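J.: Show me how the following folds:
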Amino acid sequence: MINTTSNSMLILALNLAGLCICASALTYLYIQYGFSATWVLILLVALSLSGYIFSLFQKHNKRLSHVIKALANGDSTLGLGVQDPMRQHFEKVKKQMQSARFSAEQQAQFLQALLVHVDLAVLVCDDQGNIIESNPASAKLLGISANHLSQLQHLGQLVLATNKRLRSSAQWQQGEQQDTLSIQVSVAEIQGQIRKIITLHSIHDALLLKEQQAYKRLTQVLTHEVANSITPLSSIAQTCHSLIPDSLTFTDQEDKQDLSLALTTLASRTKHLGEFIERFRNVSSLPSPTLAPLQLQPLLEQIVSLHNSQLTQHHITCSISIKTSQLIMLDLGQIEQVLINLFKNAIEAIKIAEQNSSTSSEERLITVTLDQNSAQQVYVEITDSGLGVAEHVREMIFVPFFTTKQQGSGIGLSLSRQIMVNHGGDLVYVIRERGACFRCIFG
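T.: Got it, this is the predicted structure:
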């Protein structure tokens, strides 16, 4: 490169000197002799020298263009010679570009590492809905690795429709599991291109916790206010009833019977109301679980054995499907109570269906499944072949004291769900073509 540049500069200098001599000779000959053969010959030589000088400039510009394009593409192997007048400026620009590129690569690697390790689901898309960047947390939360917002159903439509900052929430169905997502969208223009940065966060557990806390506060208030009034009422009614002497005369015997019936009814109803309030207390004072690593298979087999007599009596077939042997941190007593409640509900559902003559003996089935979902959470599923839960009451089945049974208290499912939430999981109803299915998910 150095020799090439030096030779080019020498040739250029000689050609410029020759061109100057030719110009002087042309001027002298024209003044002295006018146009002549010699003058024309010298003119041709001058034109040749001018053409050669022009070609040298073109060659230099072409080489300079190649060097600059290579630098723009990140190739710094090409350069200018030592004698080139642009070398100093070129080297300065090259260092600045290399420094800027190195800094940009560092920032890109840092952001990439940050996206990989952050628990928040992050998606970056253009204004056409093409997903340019996403992190593993988004695939884990949504259950899919999307390339376009159209793959995210109503979530994608919500993001595509917005052209400004958005904060909202929406339901998301991952397989059979319902989730509530908090959505934040920021819109920015980067190098003339519109970019939408979407962050997604599951608030299902937080909403569930708030719901449970609200139920607790409600039950604590009712327990305190109502129980304090019920106890003396019941005591007074019983006392008044015992004070009525057998010899007490009434103008009408029917009046005496009415008084006795009224006091008996008052004592009975206050007793039942006291028992109801006691169930309130059980919901609000559920102790924190004492966790220990255990396997669920022996517990499931024990619960089925516990109900063998009822299964035989009602000709119900029960099967257990074990697809994982992972240890779970749980409170054995509390989880056992949850599974017993769900198993008893399954038996009762089949009994009700039997009374309605809607199932044959071959269809009386209970299936207990131990498996893992797509999020690698262990779950226990209890499915029956009964009538299932009516669509209009599905949203209410976990509300405390809501029940569709004549003799039900409405405590079992609510208490069971609270136990599962305290274990970092959830209890959900899974829609099946036939029968009911309740899934205990462990966190």
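
J.: In a strand, Ile352, correct?
T.: No: counting by DSSP: H, G, I helix; E, B strand; the rest coil, Ile352 falls outside a strand, being helix.

J.: can you pull the contacts of it?
T.: Going by Cβ atoms under 8 Å, 6 or more residues apart in numbering, Ile352 touches 386-387. C-beta: built from backbone N, CA, C; applies to glycine.

J.: What pLDDT is listed against it?
T.: Listed pLDDT for Ile352 reads 85.

J.: Tell me the spacing between it and Leu339.
T.: Going from Ile352 to Leu339 by Cβ to Cβ, to the nearest Å gives 20 Å.

J.: Pairing partners for Ile322 in the sheet, please.
T.: On the basis of DSSP bridges, Ile322 is bridged to Leu370.

J.: wait, what's in contact with it?
T.: Ile322 touches 297, 300, 370, counting by Cβ under 8 Å, 6+ apart.

J.: Could you look up the SS state of Ile320?
T.: On the basis of three-state DSSP, Ile320 is classed as strand.

J.: biggest strand in this protein by residues?
T.: As assigned by DSSP state E, the longest strand anywhere in the chain is strand 177-190.

J.: From the chain's centroid, how far away is it?
T.: In terms of Cα atoms, centre = their mean, to the nearest Å, the centre of strand 177-190 is found 10 Å from the chain centre.

J.: tell me what the helix or strand following it is packed against?
T.: Where DSSP states H and E defines the elements, the next helix or strand beyond strand 177-190 is strand 193-202. Other elements packing on strand 193-202 under the criterion 3 or more Cβ pairs under 8 Å, 6 or more residues apart in numbering; DSSP states H and E are strand 121-126, helix 136-142, helix 153-161, strand 177-190.

J.: so of the ones you listed, which one's packed in deepest?
T.: Most buried of these, by mean neighbour count (mean count of other Cβ atoms under 10 Å): strand 121-126, with a mean of 20.

J.: helices or strands next to that strand in the packing?
T.: Here strand 121-126 touches strand 131-134, helix 136-142, strand 193-202, going by 3+ Cβ pairs under 8 Å, 6+ apart.

J.: And the helices and strands packed on strand 193-202: which comes nearest Ser103?
T.: Among those, strand 177-190 comes nearest to Ser103, with 16.5 Å by Cβ to Cβ.

J.: Strand partners (parallel or antiparallel) of that closest one?
T.: strand 166-174 (antiparallel), strand 193-202 (antiparallel).

J.: in what helix or strand does Arg101 lie?
T.: Applying DSSP H and E as the criterion places Arg101 in helix 87-117.

J.: so what are the domain limits for this structure?
T.: Under the assignment automatic domain parsing, the domains of the chain span 2-98, 118-202, 207-284, 292-441.

J.: ok so, going back, what comes into contact with the longest strand of the chain?
T.: Outside strand 177-190, the residues within contact range by Cβ under 8 Å, 6+ apart are 141, 155, 158-159, 162-173, 194-204, 207, 373, 375, 428, 441.

J.: Among those, the buried ones, what's the ChimeraX command?
T.: A single ChimeraX command is used to select the members of the contacts of strand 177-190 judged buried by 16 or more other Cβ atoms under 10 Å:
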select :141,155,158,159,166,172,195,196,198,199,200,201,204,373,428,441
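
J.: Where do the strands of the stretch 201-350 of the chain begin and end?
T.: Using DSSP state E, counting those that start in this stretch, the strands of the stretch 201-350 of the chain run over residues 292-294, 317-322, 328-330.
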